[in-house]
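**Q** using only what follows, build the 3D model:
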Amino acid sequence: MSCNRFNPKLKVSIFIATSLDGFIARKNGELDWLDAANATVPEEEDCGYGEFMATVDGLVMERKTYEQVLAFGEWPYGETPVVVLSRTPIAFPADLPKTVSHASATPGELCDRLSH
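**A** As a prediction, this is how the structure comes out:
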């Protein structure tokens, strides 16, 4: 579903790491394949991530991705607004920026909320 159906001025982009066979994570949620792939990339190379992040006003991620990012240690998104999608409430750690929020909205409701 495109947010453009709800607000044609809202630009939605995606930046995602996928395996050659089209998977984001293993069935058990592990991202070990990504660690192996990253080992082949020079340390100063971010594969376009920094350039991409400079073009976005906020991020939307699902709860499992959020929990994986928390496991990395330092919050990598700074003060960039982040909406975590989950059907159940989330207790955010006190050290996370106040720009991190929760939503259980439908895609249309979320698009409407983010476009204002």
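
**Q** wait, Leu70 touches Pro93, no?
**A** Yes - here Leu70 reaches Pro93: they are 7.4 Å apart, a contact under CB atoms under 8 Å. For the C-beta atoms, the positions are set from N, CA and C on the backbone; glycine is no exception.

**Q** need the residues touching each of those two.
**A** Counting by CB atoms under 8 Å, 6 or more residues apart in numbering, Leu70 and Pro93 have no shared contacts at all.

**Q** can you pick out the residue with more neighbours from the two?
**A** Taking other CB atoms under 10 Å, Leu70 and Pro93 do not tie; Leu70 has more neighbours (12 against 8).

**Q** tally up the residues packed near the closest residue in space to Ala17 that isn't next to it in sequence, please.
**A** Distance criterion CB to CB, 6 or more residues apart in numbering; nearest residue to Ala17, sequence neighbours excluded, is Leu34 at 5.5 Å. Using other CB under 10 Å, Leu34 is surrounded by 14 other residues.

**Q** distance of Leu34 from Ala25?
**A** 8 Å (CB to CB, to the nearest Å).

**Q** again with Glu67
**A** 12 Å.

**Q** go on, Val60?
**A** Val60 is 17 Å from Ala25, by CB to CB.

**Q** Glu67 and Ala25: who's more crowded?
**A** Comparing Glu67 with Ala25 by other CB under 10 Å, the one with more neighbours is Ala25, at 17 against 14.

**Q** surely that one and Thr18 touch.
**A** No - with contact defined as CB under 8 Å, Ala25 does not reach Thr18; the gap is 9.6 Å.

**Q** that older thread, just to check, the residue nearest to Ala17 is in contact with Ile16?
**A** No - Leu34 is not in contact with Ile16 according to CB under 8 Å; the separation is 10.8 Å.

**Q** how near is Ile16 to Asn38?
**A** Applying CB to CB to Ile16 and Asn38 gives a distance of 14 Å.

**Q** can you map out the strands along the chain?
**A** Residue ranges of the strands in the chain, as given by DSSP state E, are 59-62, 82-85, 100-103.

**Q** could you dump those into CSV and include distance to Val12, mean pLDDT and mean neighbour count?
**A** As requested, the strands of the chain are exported to CSV (distance: least, CB to CB, whole Å; pLDDT from 0 to 100; neighbours: other CB atoms under 10 Å):
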stretch, distance to Val12, mean pLDDT, mean neighbour count
strand 59-62, 9, 90, 15
strand 82-85, 13, 93, 20
strand 100-103, 15, 94, 16
